[in-house]
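Trainee: next come a sequence and a model predicted from it.
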Amino acid sequence: WAYDGQAASQNAILAMEKRGLNIRAHRSKTVSSYLLEMFDLILVMEPGHKEALQVEFPHLASRIYLLSEMAGESLPVEDPYGASLEEYEKTAAELDSLIERGLARILSLAGFDSEVSSD
């Protein structure tokens, strides 16, 4: 629900730089059927996002999951938008953990081989 072309917040940029990622060129895109149809798997952070997308795009509902569901949970990841750098770092650590724990399922649902190298 961001406007097209919005840059990442400064605290998001800083939190990702601490992880070796440069997101300075990132720009938001409005959700559309055309955009979502490009993906086999759509991961969201909050239950409200999942529900809203499934209602608006019912033909894609089976592709939409909470990120936490990939790790066997069903919990929201709070958006730190507008919060302190520490909150962004906390959210980044939570996302890291969920992705690591759910990677095999993410790859499987996205159509990739679920064998993940530990290197």
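Mentor: It's in.

Trainee: low-confidence ranges in the chain?
Mentor: The chain contains residues with pLDDT under 70 at 1, 113-119.

Trainee: at 80 what do you get?
Mentor: 1-2, 113-119 (pLDDT under 80).

Trainee: can you map out the strands along it?
Mentor: Secondary structure of the chain by DSSP state E: the strands cover 42-44, 64-66.

Trainee: okay, those strands in JSON lines with mean neighbour count and distance to residue 23 next?
Mentor: Yep, even glycine has a C-beta here, placed from its N, CA and C like the rest. Shown next, in JSON lines, are these (neighbours: other Cβ atoms under 10 Å; distance: least, Cβ to Cβ, whole Å):
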{"stretch": "strand 42-44", "mean neighbour count": "22", "distance to residue 23": "17"}
{"stretch": "strand 64-66", "mean neighbour count": "19", "distance to residue 23": "22"}
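
Trainee: got those as CSV, with distance to residue 99 columns?
Mentor: CSV is the format used below for the strands of the chain (distance: least, Cβ to Cβ, whole Å):
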stretch, distance to residue 99
strand 42-44, 9
strand 64-66, 13
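
Trainee: out of these, flag the one nearest residue 29.
Mentor: Residue 29 lies closest to strand 42-44 among the strands of the chain, at 13.0 Å (Cβ to Cβ).

Trainee: give me the residues contacting the closest one.
Mentor: Strand 42-44 is contacted from outside by 36, 50, 53, 60, 63, 64, 65, 66, 67, 70, 106, using Cβ atoms under 8 Å, 6 or more residues apart in numbering.
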